[in-house]
Every structure is written in structure tokens, then in C-alpha cells.
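Chemist: take a look and give me a structure for this.
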Amino acid sequence: IFKFLGAISVDLGQDRIKPYLPTILTPLYRELNSNYAEQDPTLKNLSQEIIELLKKLVGLEAFSLAFSSVQKQANQKRAMRKKQRALQTVANPDIAARRKLKRHKNKAETRKRKIESLHPVYKAKRHRSHALKDLAMVE
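Modeler: Next up, the predicted model:
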């Protein structure tokens, strides 16, 4: 997709690309700003190269305006999601409690995995899966 965006940008040229600049920059900015664990470094490099290409193609001023608008929009979305999550904890405390329990459970599992990787001799106690018991119909 990133290669396609770069090719389209070069093909359209300086004047015709300007209206589409924020649309093109949105996925590139998201890839540059992401911090998830399984991130592909080639994608990050490719997005950086395409951003540099766009900067040369459009000019620094127009690029900066579009990039700042994309940045501002991403920050607003992030703030909106955070606000919605905070409101949901107040409105639906049961859902919030379930989410919190799940988060704590995942944290404990991660801690156990980390201990096992640091000390291969030590085996942390794991929660037994009761999958069959959960599948049984209880009346």
C-alpha cells in the first residue's frame, strides 16, 4: 500500500497531489508513530522514505501544514477514545470491572512467562484451563 501511495503521489505531480496529501499521510503517520511489539522495521523505513519523497515533491510548507493536521487529528482521536473509556467506566462499571480483571490476569501471565524465561528451572504455577467444564451444560 505504501509503495502504491508513493507511486500515485509521483504520478499525480505537485499540484494535483495537494488535496489528497492528508489522506496519504494518515497511514504513513500511523506507521511511524506506532509502538507495538511485532513492528516490521521495513515498513517504518518505507514510510519514512515516502514521507521524504512527499516533502520534496510538495514543498516543505505545504507538507508541514498537512502533516500537522494529520498529527492533530490523530491526537484528537486518541483523546476521544480515552474520554470514551473513562465515561464507560462510570456508565458501565460491570464491563469496566471485567476489563480490569482481564488486564490483571494478562499481567500475571506475562510475569510468569518472564520468570520462566529468566529461570528455566523454575516453573511458575499456571491457571488450569477448565475448557471442558465450561462447555458442559449446567442447569
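Chemist: Ser47 reaches Leu5, doesn't it?
Modeler: No. Ser47 is not in contact with Leu5 according to Cβ atoms under 8 Å; the separation is 9.2 Å. Placement of C-beta: from N, CA and C, glycine included.
Chemist: check whether Gln71 really touches Tyr29, as I assumed.
Modeler: Yes. Contact criterion Cβ under 8 Å: Gln71 and Tyr29 qualify, at 6.6 Å.
Chemist: mind checking which of those two has more residues around it?
Modeler: Tyr29 (18 against 13; other Cβ atoms under 10 Å).
Chemist: next, the contact list for the more buried one, please.
Modeler: The contact partners of Tyr29, taken as Cβ atoms under 8 Å, 6 or more residues apart in numbering, are 67, 70-71, 74.
Chemist: just the buried subset of those residues, please.
Modeler: Neighbour counting with 16 or more other Cβ atoms under 10 Å marks 67, 70 as buried within the contacts of Tyr29.
Chemist: and the contacts of Tyr29, which is closest to Ile115?
Modeler: Among the contacts of Tyr29, Ala74 lies closest to Ile115 (Cβ to Cβ), at 36.6 Å.
Chemist: residue ranges with poor pLDDT in the protein?
Modeler: Within the chain, the set of residues satisfying pLDDT under 70 comprises 37, 123-139.
Chemist: any idea which element Gly13 lies in?
Modeler: Counting by DSSP states H and E, the element that carries Gly13 is helix 2-17.
Chemist: what sits up against that helix?
Modeler: Outside helix 2-17, the residues touching it (Cβ under 8 Å, 6+ apart) are 20, 24, 27-28, 31, 43, 46-47, 49-50, 53-54, 57-59.
Chemist: swap the cut-off to 6 Å and go again
Modeler: Residues from elsewhere that reach helix 2-17 (Cβ atoms under 6 Å, 6 or more residues apart in numbering): 24, 46-47, 50, 53-54, 57.
Chemist: ok, now stretch 57-70?
Modeler: Contacts for stretch 57-70 (Cβ under 6 Å, 6+ apart): 14, 18, 21-22, 25-26, 29, 54-55.
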